[in-house]
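Participant: give the three-dimensional model of this entry:
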Amino acid sequence: MKNKIDVSVIIPAYNAAETIGCLINKILSETRIAIELIVVDDGSTDGTANVICQIKDERLVLIEQANQGVYAARNTALTLHRGEWVIFLDADDDIADGFIEKRWQAATASQADVVIFNGWHSGADNHRRAVHTKQPCEATLSGHEWIRHCVTHREWPHYLWLQMVRSCYIRQHSLCFQPGRSHKDILWTVHLAASNGRFCTLDIKDYIYINNKASITHRPDYYDVRAISYVEVIAEIIQVAEQEQNKKIKVFLYRHALVEARHFLGLYRNRVRDKSSVRYSFEANITLGSLFQGINSFSDVFFFIKLVSKLF
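Facilitator: Take a look at the predicted model:
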């Protein structure tokens, strides 16, 4: 393997034997840039590791660990990666030929620390719509300016598969994924931006997101987990807002916490089974006074009243 690695591709895998081989082969078919592909088998029981071991390529690194969840798997890879840039993919992704090289070329030209690409949402009828439409494409902003923009325009593209991040930026700010089972990609992106590096958004739609209705996030027994995760996300955003170095974007982070509270309330009202436990978690971790500071419109006022009436 070359000493200099241009891109580390990080893929957590859990019971991905049917899809992981195809994705790995597509990534490793790229030979014009130096790639390191780290796959973390997170306690699979379907022979995922066996599929990976059959692929012989010195650029492929397999790590096997007991099941700890997708965020722990990504953290494991982050501690070991050696590339100049990092891309996060999922084990069931399907990418176009030359995907990694094209992203690397665009990211390198941007001279940014974090590059946010675009993509397509693909619905059941195969109708495509852009993942985001309100980003300041081609402009380079500070992380704090990008937070202001995203909150003001109510578009927060936190999707990991749209990001490409400089490794030195990750290490400089000791960035990692928060433990948990859901929605922690939101917090990764909050910390990524709050660290106030150079952000560039590009309207390069190089990724197709297909909503998998069979995924665990749509299971009825997982809605309570998602609601608790939203509580953790909201509480952490409030903590970030209250840090001294973020005082200039404090109100924008409070506003973002209020937006995530909307997502939480939708789950709580319509999907959560054990409402008493979820309500207790909210009361124990979130102060209404902090959320109140995120109010910016009459709509926010009405939502806040609804939130208080439903929970208290």
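Participant: contacts, neighbours, all on C-alpha from now
Facilitator: Fine.
Participant: pull the distance from stretch 50-62 to the chain's centre.
Facilitator: Relative to the chain's own centre, stretch 50-62 is displaced by 26 Å; criterion: C-alpha atoms, centre = their mean, to the nearest Å.
Participant: list of residues touching the strand of greatest length in the chain?
Facilitator: Ranked by residue count and defined by DSSP state E, the top strand of the chain is strand 198-210. With contact meaning C-alpha atoms under 8 Å, 6 or more residues apart in numbering, strand 198-210 is reached by 95-96, 99, 110, 112-123, 130, 135-143, 146, 161-162, 193.
Participant: repeat for stretch 288-295
Facilitator: Here stretch 288-295 has contacts from 238, 251-258, 301, 304, using C-alpha under 8 Å, 6+ apart.
Participant: picking that back up, partners of the longest strand of the chain, with directions?
Facilitator: strand 114-122 (parallel), strand 140-142 (antiparallel) (DSSP bridges).
Participant: most packed of those strands?
Facilitator: Sort the strands paired with strand 198-210 by mean neighbour count, taking mean count of other C-alpha atoms under 10 Å, and strand 114-122 sits at the top with a mean of 21.
Participant: confidence score at the residue lying closest to Val301 once chain neighbours are set aside?
Facilitator: Spatially, and ignoring its direct neighbours in sequence, Val301 is nearest to Ile295 (6.3 Å; C-alpha to C-alpha, 6 or more residues apart in numbering). According to the prediction, Ile295 has pLDDT 98.
Participant: again, but for Ile95
Facilitator: Ile95 carries a pLDDT value of 92.
Participant: the one 3 residues further on now?
Facilitator: Per-residue confidence at Gly98 stands at 96 (pLDDT).
Participant: contact partners for the nearest residue to it once chain neighbours are set aside?
Facilitator: The spatially closest residue to Gly98, leaving aside those adjacent along the chain, is Glu30, at 6.3 Å (C-alpha to C-alpha, 6+ apart). Glu30 sits next to 97-98, 100-101 when contact means C-alpha under 8 Å, 6+ apart.
Participant: residues in contact with Arg255?
Facilitator: Counting by C-alpha under 8 Å, 6+ apart, Arg255 has contacts 151, 291, 293-296.
Participant: pull the residues that contact the host helix or strand of Ala77.
Facilitator: Assigned by DSSP states H and E, Ala77 belongs to helix 70-80. The contact list for helix 70-80, computed with C-alpha under 8 Å, 6+ apart, reads 10-13, 38-42, 176-181, 184.
Participant: Ile295: what secondary structure?
Facilitator: Secondary structure, DSSP: H, G, I helix; E, B strand; the rest coil: Ile295 is coil.
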